[in-house]
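Chemist: here is my input, please return the structure:
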Amino acid sequence: MTATLARPLPRPDAQTRPYWDACAQGQLTYQSCTRCGRVQFTPRALCEQCQCTDLGWHLSERIGTVLTFTTVHRAPLPVFKAMTPYVIALIDMKEGFRLMANATADVSQKIAIGSTVQIGFTEVNGMTLPIVQSLIEMPR
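Modeler: Residues are numbered from 1 along each chain as shown. This is a model prediction of the structure:
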């Protein structure tokens, strides 16, 4: 009998549940403070800047710019071995927060620092995760 390796996934809690529920609906959300206006990601109970508890949820346009990326050739855990090589990217979103996400195979072939990208979603073992879905050609 062969054991199936489980991919580690986020575990939603009271602070992050609205974010993960929105992902399941195909929406990327982020928080901002109603007192000081600070945009923050990942979800928290308090504003990172002023510690206010009055945080609002907002929908992202799901468009950002690649700050950096790496191609993983050596899996950090056995469960990721079949995925190699894969790309993990840091994306500066239009709304002012930074998102880390894997890229689709198509995007992985063409991604570059400074690329404009669209975030989509992928389902992994019943959980919906953000993914760098496509490159957006910007007019020159």
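Chemist: could you use CA atoms for every contact and neighbour count after this?
Modeler: Noted.
Chemist: where does the chain dip in pLDDT?
Modeler: Where the chain drops to pLDDT under 70, the residues are 1-4, 139-140.
Chemist: in three-state terms, label Pro43 for me.
Modeler: Following DSSP: H, G, I helix; E, B strand; the rest coil, the label given to Pro43 is coil.
Chemist: how about it, what does it touch?
Modeler: Contact partners of Pro43, counting by C-alpha atoms under 8 Å, 6 or more residues apart in numbering, are 15-16, 19, 30-31.
Chemist: please repeat the previous calculation with a cut-off of 10 Å.
Modeler: 14-19, 29-32, 55, 57 (C-alpha atoms under 10 Å, 6 or more residues apart in numbering).
Chemist: for the longest helix that the chain contains, which residues meet the burial criterion?
Modeler: The helix that spans the most residues within the chain, counting by DSSP state H, is helix 17-24. Residues of helix 17-24 classed as buried under the neighbour-count rule (16 or more other C-alpha atoms under 10 Å) are 18-21, 23-24.
Chemist: contacting residues around that helix?
Modeler: By C-alpha under 10 Å, 6+ apart, helix 17-24 touches 10-13, 26-31, 41-43, 57-59, 120-123, 126-130.
Chemist: ok, back up a step: which pair of the contacts of Pro43 spans the longest distance?
Modeler: Ala14 and Ser32 (17.0 Å; C-alpha to C-alpha).
Chemist: of these two, who's got more company?
Modeler: Ser32 (22 against 9; other C-alpha atoms under 10 Å).
Chemist: what pairs with the more buried one across the strands?
Modeler: Val39, Gly56 (DSSP bridges).
Chemist: thinking it is in contact with Ala45, fair?
Modeler: No: in this structure Ser32 lies outside contact range of Ala45 using C-alpha atoms under 10 Å: 11.2 Å.
Chemist: between the two, what contacts are shared?
Modeler: 54-55.
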